[in-house]
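*Asks:* Sequence first, predicted coordinates after that:
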Amino acid sequence: MTTRSTPTTTLTDRYVHAATRALPEDRRDDIGEELHSTVDDMVQARVREGSPDPEREALVELGDPRRLAARYTDERLMLIGPTYYLLWKRVLTQLLTWVPLALGVLAGVRAALEDDATVGTVVVEGLGSAAATAIQIAFWVTAVFAVLDRTGAGDEVPEWTPEDLAELPTGRAGSISDSVASIGFHVVVGAVLVLQHFRSLLPDWAHGPDGRDLPVLDPELWTPWIVFLLVALAAGIGVELWKVRAGWTWPVTAGVAVTSLAFAAPVVWLCAQDRLLNPEFVRAVSLTGDQLGALNQAIIVGAVVVAAWEIGEAGWRTATGRRAWC
C-alpha cells in the first residue's frame with residue numbers, strides 16, 4: 001500500500017488494515033487509500049476544532065472496522081436474516097413444542113423397563129433425552145436456515161398472501177372452565193395414586209385379614225411406575241395451563257397426545273403383565289383368576305378409551321375452533 005504523509009499515526013494504519021484484510025485482494029489498496037483519506041479529513045477537521053485527541057475521535061466515529069468492511073462486501077451481520085427468520089422461528093417452535101417431550105417420555109419408559117430401574121434413573125434418562133433432543137433440534141434447524149440464507153435460496157421462498165390467513169374460530173378456543181375441570185381431574189387422579197398407598201379408599205371388606213389398609217396398586221410400582229404416572233399427570237396440568245394461554249393449537253394438541261399416551265401406555269402395559277394390582281389386595285377381595293383377568297381387561301379398555309377421547313377431542317377442537325365435543 002502506498003505510503004502517505006498525513007497527520008495520522010499507526011493507529012489509523014491498524015484501523016485500515018483491520019477494515020481491509022477481509023476484502024478481495026484486488027480492492028484492498030483502493031479502499032485502503034479511500035479510508036486513509038477519509039480519516040485524514042476527519043482528523044484535520046477536529047484539529048481545527050481544537051480536539052485533544054482528534055485521531056481517536058475520528059476512528060470512534062467510523063466505528064468497528066469489521067462492520068465498515070461488511071458494507072463493502074455486502075456481508076450479512078446476522079445469523080438468519082429477515083427473509084427466513086419467521087419461517088425459522090415457526091419451524092423451531094413447532095419442533096421444540098413436542099419432539100423433546102415425546103422422546104423424553106419414551107426414554108423414561110425405556111429406563112423404567114430395566115430391572116434395576118429407580119425413580120432417579122427414570123427422571124434423569126427422560127430429562128436428559130429431552131434436553132439433548134432440544135439442543136440437537138435447535139442447532140441443526142438453525143444451521144440449515146443459516147446456510148439457506150447465505151446461499152441466496154431465500155429468493156425462492158413463497159411470498160405471503162391474504163389467502164394464507166387462518167379462518168376465524170367459531171368460539172373461544174381455550175376455555176378456562178374446561179381447563180379448570182381437566183386440571184381438577186388430574187389432581188384428583190394424582191391424589192388417589194398417592195393416598196391409596198397409605199390409606200384404603202375402599203370399604204372395610206377390602207382391608208387385609210388383620211384389618212390393616214391395603215394399597216390397591218402393587219407397592220412395588222413406586223419405583224418407578226407410579227412416580228412416572230405422577231410426572232405424566234403433572235405434564236398434563238402444564239399442557240392445560242399452556243392451552244389457557246395459547247388456545248387450541250396443533251402444538252397444544254400434540255402436547256395433549258403425548259401426555260395422554262404417557263399415562264395410558266404404562267397402565268395398559270402393567271395390566272397386560274398382571275402387575276398393576278396389589279397381590280395382597282387381590283387375595284383380600286377374593287378375586288379369581290378369571291375375575292382378575294376381566295378386571296385388567298376393563299382397565300386396559302378404559303385407559304385406551306380415555307386416551308383416545310382426549311386426543312380425538314383435542315384434534316377436533318383445534319380443527320374446528322369449538323368449545324366442546326357436542
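*Replies:* Looks like it arrived, so ask away.
*Asks:* how about low-confidence regions in the stretch 101-250 of the chain?
*Replies:* Residues of the stretch 101-250 of the chain meeting the criterion pLDDT under 70: 112-113, 115, 117-120, 152-175, 177, 199-212.
*Asks:* where do the helices sit along it?
*Replies:* 119-150, 176-198, 225-246, 250-272 (DSSP state H, counting those that start in this stretch).
*Asks:* Relative to Gly293, which of those helices is closest?
*Replies:* Gly293 lies closest to helix 250-272 among the helices of the stretch 101-250 of the chain, at 9.7 Å (Cβ to Cβ). All C-beta atoms are positioned from the backbone trio N, CA, C, and that covers glycine.
*Asks:* Mean neighbour count, the helices of the stretch 101-250 of the chain: which tops it?
*Replies:* Among the helices of the stretch 101-250 of the chain, ranked by average contacts under mean count of other Cβ atoms under 10 Å, first place goes to helix 250-272 (a mean of 21).
*Asks:* now that helix against helix 176-198, angle please.
*Replies:* 30 degrees (axes from the mean of the first three to the mean of the last three Cα atoms, to 10 degrees).
*Asks:* what's next to helix 250-272, contact-wise?
*Replies:* 93-94, 97-98, 101-102, 105, 109, 112, 221, 225, 228-229, 232-233, 235-236, 239, 242-243, 246, 276, 296-297, 299-300, 303-304, 306-307, 310-311, 314-315, 318 (Cβ atoms under 8 Å, 6 or more residues apart in numbering).
*Asks:* Make a markdown table out of the helices of the stretch 101-250 of the chain and add distance to Ala19.
*Replies:* Formatted as a markdown table, the helices of the stretch 101-250 of the chain follow (distance: least, Cβ to Cβ, whole Å):
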| stretch | distance to Ala19 |
| --- | --- |
| helix 119-150 | 22 |
| helix 176-198 | 58 |
| helix 225-246 | 47 |
| helix 250-272 | 46 |
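*Asks:* between the ones you listed, which one is nearest to Tyr85?
*Replies:* helix 119-150 (8.4 Å).
*Asks:* Tell me which other helices or strands that closest one touches.
*Replies:* Judged by 3 or more Cβ pairs under 8 Å, 6 or more residues apart in numbering; DSSP states H and E, the packing partners of helix 119-150 are helix 82-112, helix 225-246.
*Asks:* For Ile176, which residues are in contact?
*Replies:* By Cβ under 8 Å, 6+ apart, the contact set of Ile176 is Val244.
*Asks:* Likewise for Val187?
*Replies:* Neighbour list for Val187: Leu233, Ile237 [criterion: Cβ under 8 Å, 6+ apart].
*Asks:* Apply 10 Å and report the result again.
*Replies:* Applying Cβ atoms under 10 Å, 6 or more residues apart in numbering to Val187 gives the contacts Leu233, Ala234, Ile237.
*Asks:* And it, how far from Val194?
*Replies:* Between Val187 and Val194 the distance is 11 Å, computed by Cβ to Cβ, to the nearest Å.
*Asks:* and if you look at Pro65?
*Replies:* Separation of Pro65 from Val194 (Cβ to Cβ): 64 Å.
*Asks:* repeat for Ala294
*Replies:* To Val194, Ala294 is 27 Å away according to Cβ to Cβ.
*Asks:* repeat for Gly128
*Replies:* Per Cβ to Cβ, Gly128 is found 26 Å from Val194.
*Asks:* go on, Ala111?
*Replies:* Using Cβ to Cβ, Ala111 is found at 22 Å from Val194.
*Asks:* Identify the residues contacting Trp140.
*Replies:* With Cβ under 10 Å, 6+ apart, Trp140 has these contacts: Leu95.
*Asks:* next one: Val231
*Replies:* 104-105, 108, 119, 122-123, 126-127, 190, 224, 259, 262-263.
*Asks:* can you redo the residues you listed as a markdown table with distance to Arg48?
*Replies:* Shown next, in a markdown table, are the contacts of Val231 (distance: Cβ to Cβ, whole Å):
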| residue | distance to Arg48 |
| --- | --- |
| Gly104 | 68 |
| Val105 | 72 |
| Gly108 | 73 |
| Val119 | 77 |
| Val122 | 76 |
| Val123 | 71 |
| Gly126 | 70 |
| Leu127 | 66 |
| Gly190 | 79 |
| Pro224 | 79 |
| Thr259 | 73 |
| Ala262 | 75 |
| Phe263 | 79 |
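*Asks:* Go through those and say which is closest to Leu59.
*Replies:* Nearest to Leu59 out of these is Leu127 (Cβ to Cβ; 50.1 Å).
*Asks:* mind listing what the nearest residue to the closest one once chain neighbours are set aside touches?
*Replies:* In this structure, Leu127 finds its nearest non-sequential neighbour in Gly104, 6.5 Å apart by Cβ to Cβ, 6 or more residues apart in numbering. Listed by Cβ under 10 Å, 6+ apart, the contact partners of Gly104 are 123, 125-134, 231, 235, 258, 262.
*Asks:* so what's Asn296 up against?
*Replies:* Applying Cβ under 10 Å, 6+ apart, we find Asn296 in contact with Val268, Leu270, Cys271, Ala272, Gln273, Asp274, Arg275, Leu276, Leu277.
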